[in-house]
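Chemist: Structural data only, the sequence is not supplied:
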């Protein structure tokens, strides 16, 4: 009896722990919906899809904010992907043990630097450097933000991609070497394709990290709500969704239209990260089947 | 290693926290004097340094009172005053009618006290040859009508406009007084490519570094690394540099009051603190920090 009670207690508490995160997500989502959906009643879709964001005069066009987040995220991944995956391959496949022992903890320290500190360095060092080197009107640009975001997402990408490479069975490598392949051929032709699923997960997590990062971006992108106008938007100031919420949330009267719109932007961020997760899960499934078939055949 | 890193950081933080222990003065307090009074003070970033200097001096003289001061913007301060999380709000703009309504709904009437005056300095990089502008020229720059310093007789450089965020009282004041030139019918707003920086320091840092930039900031924040512009109300007037004298004599065209707001008439410790702020001793700190003291208003 006593044993059965214990058994029940333990399995039930584990069940609660397991479902807790789902409950939290649902609660967060309902809260966001409750606070954000009134936007659709208070602001007409036409005004919401306007190109000017100036909330204190009732201009709630969210397009510049969407455009800003998109530009920064895309470019940060373009920088972080080759660097992150390259580092993971070097660490997992090429670097001797002793180099590994120094390099890995160093990368983990990079992950531990608070983003506000990176932002500070961005303002004082990176932004003046950018302005002088590329002769820009100002160094507070989308690129400066993307570069810092790349630094923030690289440790995530490296550690997950490295795990993925590590998970490739040794037999794959042995077989490839036995066939006379060089080290590069083994890495590029066998190990990386076999670890593709994990590398993709790493990149997706990096995208999520970039999309959600706030402080560093708020400090170095200039926060000007401008629209995407082509490649030069990359070197112009932009304003992201996260920075907008962070800098304006403290000021709004709760229950006002501005307050609802900020939560609406929160809903959009939530939906975006959901889409990223779902599509990555789907393509992971596809890729993992294909990858296995390739290596086996 | 992966497991250890956060722990190491935690311990480092712990050591720092341990180092920053309370003032020895507080420890020396006899246990009988446990009647500590706290004053929570929050709001305008323009006022935050001044409010901190006041709080520090006052706590030195009155160890039984503890004052915590934080910034965040005038709007943030009002929001906190209304929802009851602070006792005194700092503001660089007057309270809005909506905010008074909300305060009344929460059962109190905010009381306004003018604690200092401030000039808004328009600043550029010291390399920029421009040193005089009319208010109308500044307005046209910020509306996006002028985009190159050449059009104002300067070098051939793009103009980079810097502003505080929209939750800043300084932003609202600048919008109404400079961009709209004080006309309430004017609906002009900042050009969309105006950089909105989260802090006064951010503006000073960018202006002192970037020869293309123009910014504005409270006089108390202006450092030697940036150049102040002499302003004239209209083209015929004389160009005046901001300073305590030109603000008191009302020659400088863009100056304003700085306020503290309390929940109803201040009482007890709060009242003593605010009376002290209006005393010559506290107003001397105002001058020290580059603001303009409150003087008895002499109507001409």
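Modeler: Structure's in. What do you need? Quantities reported herein were computed from a predicted structural model and do not represent experimental measurements. Residues are numbered from 1 along each chain as shown, chains lettered A, B, ... in the order given.
Chemist: Please enumerate the strands of the stretch 101-250 of chain B.
Modeler: For the stretch 101-250 of chain B, the strands defined by DSSP state E, counting those that start in this stretch cover B:110-124, B:132-134, B:160-164, B:195-197, B:213-218, B:227-228, B:230-232.
Chemist: helices or strands up against the shortest one?
Modeler: Pointing back at strand B:227-228 there. Judged by 3 or more CB pairs under 8 Å, 6 or more residues apart in numbering or on different chains; DSSP states H and E, strand B:227-228 is in contact with strand B:110-124. Any C-beta I mention is one placed from the backbone N, CA and C, and that applies to glycine too.
Chemist: now residue B:263, which residues is it bridged with?
Modeler: Taking DSSP bridges as the rule, residue B:263 bridges to residue B:110.
Chemist: Pull the contacting residues for the residue nearest to residue A:249 when sequence neighbours are not counted.
Modeler: Nearest residue to residue A:249, sequence neighbours excluded (CB to CB, 6 or more residues apart in numbering or on different chains): residue A:262, at 5.9 Å. By CB atoms under 8 Å, 6 or more residues apart in numbering or on different chains, the contact set of residue A:262 is A:244-245, A:248-249, A:252.
Chemist: Any figure for the gap between residue A:262 and chain B?
Modeler: Applying CB to the nearest CB, to the nearest Å, the value for residue A:262 to chain B is 12 Å.
Chemist: and that residue, what are its phi and psi?
Modeler: Note on residue A:262: its backbone torsions stand at phi -60, psi -40 [degrees, to the nearest 10].
Chemist: any idea how far residue B:260 is from it?
Modeler: Here residue A:262 is placed at a distance of 28 Å from residue B:260 (CB to CB, to the nearest Å).
Chemist: do the helix or strand harbouring residue B:41 and chain A meet at all?
Modeler: Secondary structure from DSSP states H and E places residue B:41 in strand B:37-43. No - if you take CB under 8 Å from any CB of the partner chain as the test, strand B:37-43 misses chain A, and the best it gets is 10.1 Å.
Chemist: How far away from the center of its chain is that strand?
Modeler: Relative to its chain's centre, strand B:37-43 lies at 17 Å (CA atoms, centre = their mean, to the nearest Å).
Chemist: Burial check on residue 188, number of neighbours?
Modeler: Assuming you mean chain A. 13 (other CB atoms under 10 Å in any protein chain shown).
Chemist: Chain B was what I was after
Modeler: Neighbour count of residue B:188, defined by other CB under 10 Å: 17.
Chemist: Is it in contact with residue B:182, as I believe?
Modeler: No - the pair residue B:188 and residue B:182 fails to qualify as a contact (CB atoms under 8 Å) at a distance of 11.9 Å.
Chemist: sorry, back to before: now do the buried residues in the strand holding residue B:41.
Modeler: Buried residues in strand B:37-43, defined by neighbour count with 16 or more other CB atoms under 10 Å in any protein chain shown: B:39-43.
Chemist: coming back round to it: which among the strands of the stretch 101-250 of chain B is found nearest to residue A:32?
Modeler: Comparing the strands of the stretch 101-250 of chain B against residue A:32 with CB to CB, the closest turns out to be strand B:195-197 (24.8 Å).
Chemist: mind listing what the closest one pairs with, with the direction of each?
Modeler: Applying DSSP bridges, strand B:195-197 is found paired with strand B:160-164 (parallel).
Chemist: Which stretches in the stretch 51-200 of chain A count as strands?
Modeler: Using DSSP E, counting those that start in this stretch, strands in the stretch 51-200 of chain A cover A:53-54, A:59-60.
Chemist: now for those, which one comes closest to chain B?
Modeler: For the strands of the stretch 51-200 of chain A, the distance to chain B is smallest for strand A:53-54, at 5.4 Å, taking CB to the nearest CB.
Chemist: For the chain, give me the ranges with low pLDDT.
Modeler: Assuming you mean chain A. Low-confidence segments of chain A, defined by pLDDT under 70: A:1, A:251, A:283-284, A:286-297.
Chemist: wait, I meant chain B there
Modeler: For chain B, the ranges with pLDDT under 70 are B:1-35, B:295-300.
Chemist: Do a quick rundown of the helices in chain B.
Modeler: B:4-19, B:24-28, B:45-61, B:74-82, B:97-105, B:135-143, B:169-174, B:200-209, B:244-248, B:268-277, B:280-288 (DSSP state H).
Chemist: among those, which is nearest chain A?
Modeler: Nearest to chain A among the helices of chain B is helix B:74-82 (3.6 Å), distances taken as CB to the nearest CB.
Chemist: picking up where we left off before, with mean neighbour count as extra columns, can I get the strands of the stretch 101-250 of chain B in CSV?
Modeler: Listed next are the strands of the stretch 101-250 of chain B as CSV, based on neighbours: other CB atoms under 10 Å in any protein chain shown:
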stretch, mean neighbour count
strand B:110-124, 22
strand B:132-134, 17
strand B:160-164, 26
strand B:195-197, 25
strand B:213-218, 26
strand B:227-228, 18
strand B:230-232, 19
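Chemist: any chance of these in TSV, with distance to residue A:176 too?
Modeler: Shown next, in TSV, are the strands of the stretch 101-250 of chain B (distance: least, CB to CB, whole Å):
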stretch	distance to residue A:176
strand B:110-124	64
strand B:132-134	71
strand B:160-164	55
strand B:195-197	53
strand B:213-218	57
strand B:227-228	66
strand B:230-232	74
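Chemist: of all those strands, which lies closest to residue A:36?
Modeler: Proximity to residue A:36 (CB to CB) singles out strand B:195-197 among these, at 22.7 Å.
Chemist: Quick check: residues of the stretch 201-300 of chain B near chain A?
Modeler: Checking the stretch 201-300 of chain B against chain A by CB under 8 Å from any CB, the hits are B:202, B:205-206, B:209-210, B:212-213.
Chemist: what two of the residues you listed are the furthest from one another?
Modeler: B:202 and B:212 (15.9 Å).
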